[in-house]
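Undergrad: Provide a 3D model corresponding to the input given below.
(2 chains)
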Amino acid sequence: MTETDDAWFAGVDPGDAAAAAAAIREAAADEPRDWPALAVESGFAAEEAEYYDRLHAATVDAAREAARAAGRADDQQLIHALRAMDDAERTANELAERLEEWAGALLDVDADATGLDFAAVVAAHEPADATEERAVSLAQRAVDLRDERDDLRAFVERRAPEVAPNLAEMAGPVLAARLISLAGGLESLAKKPAGTVQVLGAEDALFAHLRGHAPSPKHGVIFTHEFVRGTRPDDRGSAARALAGKLAIAARIDHYAGERRASVHEDLRERMETIRARAESESDETTDGDDGGEVAGGDGAADAEVDDE
Amino acid sequence: MSELPAGVERRTVAGEARLTTAGEPVYGEPTVDDRRVWDAGRSKLGAMLELGMDTRLAGGEKLLYLGAASGTTVSHVADFAGPTYAVEFAPRPVRDLVDVAESRPNLFPLLADARRPREYAGVVESGLDCIVQDVATRGQAEVANRNAQFLADDGLLLAAIKARSEDVVAEPQAVFEDVRATLSGSYEILETERLEPYHDDHLGVVARKR
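TA: Predicted coordinates for the structure are as follows:
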């Protein structure tokens, strides 16, 4: 290996601006070196001043393009991916149920596995006749669909932090994508009041409440967040309200400013510590008048069920 | 009061002595005699200079700036320093940083994560004179340690450490003690000073690579 193998200018034609910018974005090296001197030595530039001129042009192009690409990280694509992930999961589970009924009786599969794990066992089975062939083929489709769900999930996990860095950090990438999806986009999520964010995904329960025959829902999909689920039921209303407030702020920072802001995450951590400290300190005192009511949020609960993590 | 780097001069604006550098205005800052006023309230390095910390900067340094954000401070730095590499992680502010860099041939903007120097070690040269660090993430001292590889043997670190980024509930003083201890792995600490009244709960650090 020569000294310049890791250099951004290795193999770059000095006249090719696009290649130079791309090389800057992909440059990774185990350690820095005296790149200006090496560039002159290797003939990339006649002298250091020329090297710095080329470096300037390339870094400005690369940074502009990288920032633009990140700006294109599109909330609508994220929404499609998330919904496709949910569809793949739901359909895979439906097929797995069908298979349990069908292949469970048809094949001699001695597996304790259920659901998609059972489908995976069936998919590996060698079919003996035309009927078994159909069941095994169906099992393979179900397993493929589960793999697709996993790939879509990985895509969502990678893309959500680009679309909404603060929201993704606070909520986790999948819940962040779910909130964006329920709102219809990052912009409309950023414009929603915290109280709406709190019950996104609990629309059925909310409208039942508004019609006057049900208590108000305490949380929608944010129920899946550890801050809500991991808080004792008495304090879940407070936890959901605090979390929703910060999520709404995170969405606004992501939409309007786009930079990571540490303070909002710190504020939430502090608030959650306070709320959870109640469980220890306040065993005999009165509650603080939180909105009571049953756990609502069909979507949130459904989400919790199907997440096989 | 320590010497200012060459290129940074005090000028009287509205009856007050203010730091200034010469360069293309970028963020609507006031100018005097064609010099841009450097607001210590918006810049940690500006505050370190304003408070008289001995930054040992002379002007013309080769320098790595971690946490460049929109380029407010780094624009002033590039006005008096030599080749200046500016690393910023968030894409949105990098757009502004690019505008700042366009009119400054010695300023090289990089969209990268300062916690992962490997990402830019193929671009940023070794043997630098100075690292200026203003990153608001947990593990600020560790960031400085990981980037020490870019410095020459006696290279300088000028860091603004934000207590709240490390631990919101701990006393800043306790946080700063931890930061000092971690930094001493790679650096000899020459001077520290709180950046009040310009920046609350920030510690300015001048250190030399071990």
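Undergrad: now for the helix or strand where residue B:161 lies, which elements pack on it?
TA: Assigned by DSSP states H and E, residue B:161 belongs to strand B:151-162. For strand B:151-162, the elements it packs on are helix B:44-50, strand B:128-133, helix B:140-147, helix B:172-183, strand B:202-209, judged by 3 or more CB pairs under 8 Å, 6 or more residues apart in numbering or on different chains; DSSP states H and E. For glycine as for every other residue, the C-beta is placed from the backbone atoms N, C-alpha and C.
Undergrad: can you rerun that using 10 Å?
TA: helix B:44-50, strand B:63-66, strand B:128-133, helix B:140-147, helix B:172-183, strand B:187-194, strand B:202-209 (3 or more CB pairs under 10 Å, 6 or more residues apart in numbering or on different chains; DSSP states H and E).
Undergrad: give me the neighbour count for residue A:13.
TA: 10 (other CB atoms under 10 Å in any protein chain shown).
Undergrad: so what's residue B:64 up against?
TA: Applying CB atoms under 10 Å, 6 or more residues apart in numbering or on different chains, we find residue B:64 in contact with A:32, B:83-87, B:108, B:110, B:114, B:117, B:120, B:124-125, B:128-133, B:147, B:150-151, B:155, B:157.
Undergrad: so which strand or helix has residue A:31?
TA: Judged by DSSP H and E, residue A:31 forms part of no helix or strand.
Undergrad: excluding chain neighbours, what is closest to residue B:133?
TA: residue B:159 (4.1 Å; CB to CB, 6 or more residues apart in numbering or on different chains).
Undergrad: nope, residue B:22 is what I was after
TA: residue B:35 (5.2 Å).
Undergrad: now residue B:97
TA: Sequence neighbours aside, residue B:71 is the residue nearest to residue B:97 in space, at 4.1 Å (criterion: CB to CB, 6+ apart).
Undergrad: quick one: neighbours of the closest residue to chain B within the stretch 51-200 of chain A, just the number.
TA: Closest residue of the stretch 51-200 of chain A to chain B, CB to the nearest CB: residue A:70 (3.4 Å). Using other CB under 10 Å, residue A:70 is surrounded by 18 other residues.
Undergrad: who's in contact with residue B:46?
TA: By CB under 10 Å, 6+ apart, residue B:46 lies in contact with B:8, B:18-19, B:21, B:37-40, B:72-73, B:76-77, B:195, B:198-199.
Undergrad: residue B:189 pairs with what?
TA: Here residue B:189 sits in beta bridges with residue B:207, going by DSSP bridges.
Undergrad: what mean pLDDT does stretch B:78-85 have?
TA: What stretch B:78-85 shows for mean pLDDT is 97.
Undergrad: where does the residue positioned nearest the centre of chain B land on pLDDT?
TA: The residue lying closest to the centre of chain B (CA atoms, centre = their mean) is residue B:132, at 3.4 Å. What the model reports as pLDDT for residue B:132 is 98.
Undergrad: again with residue A:188
TA: For residue A:188, the predicted pLDDT is 92.
Undergrad: against which helices or strands is the host helix or strand of it packed?
TA: Per DSSP H and E, residue A:188 falls inside helix A:186-190. Using 3+ CB pairs under 10 Å, 6+ apart, the elements in contact with helix A:186-190 are helix A:75-106, helix A:165-171, helix A:173-183, helix A:236-252.
Undergrad: in the following helix or strand past the longest one, which residues are buried?
TA: Heading C-terminal from helix A:75-106, the first helix or strand you meet, by DSSP H and E, is helix A:115-123. Using 16 or more other CB atoms under 10 Å in any protein chain shown as the test for burial, helix A:115-123 gives A:115-116, A:118-123.
Undergrad: try stretch A:47-64
TA: Buried residues in stretch A:47-64 (16+ other CB under 10 Å): A:48, A:51-52, A:54-64.
Undergrad: next, the contact list for the closest residue to residue A:95 other than its chain neighbours, please.
TA: Nearest non-adjacent residue to residue A:95, counting by CB to CB, 6+ apart: residue A:142, 3.9 Å away. With contacts defined as CB under 10 Å, 6+ apart, residue A:142 is in contact with A:91-99, A:115-116, A:118-120, A:122-123.
Undergrad: show me the shaky parts of chain B.
TA: B:1, B:168 (pLDDT under 70).
Undergrad: no no, chain A
TA: Ranges of chain A meeting pLDDT under 70: A:1-2, A:71-73, A:110-111, A:282-309.
Undergrad: from residue B:139, how far off is the residue nearest to residue B:133?
TA: 12 Å (CB to CB, to the nearest Å).
Undergrad: shouldn't residue B:18 be within a strand?
TA: Yes: the assignment for residue B:18 is a strand, going by DSSP: H, G, I helix; E, B strand; the rest coil.
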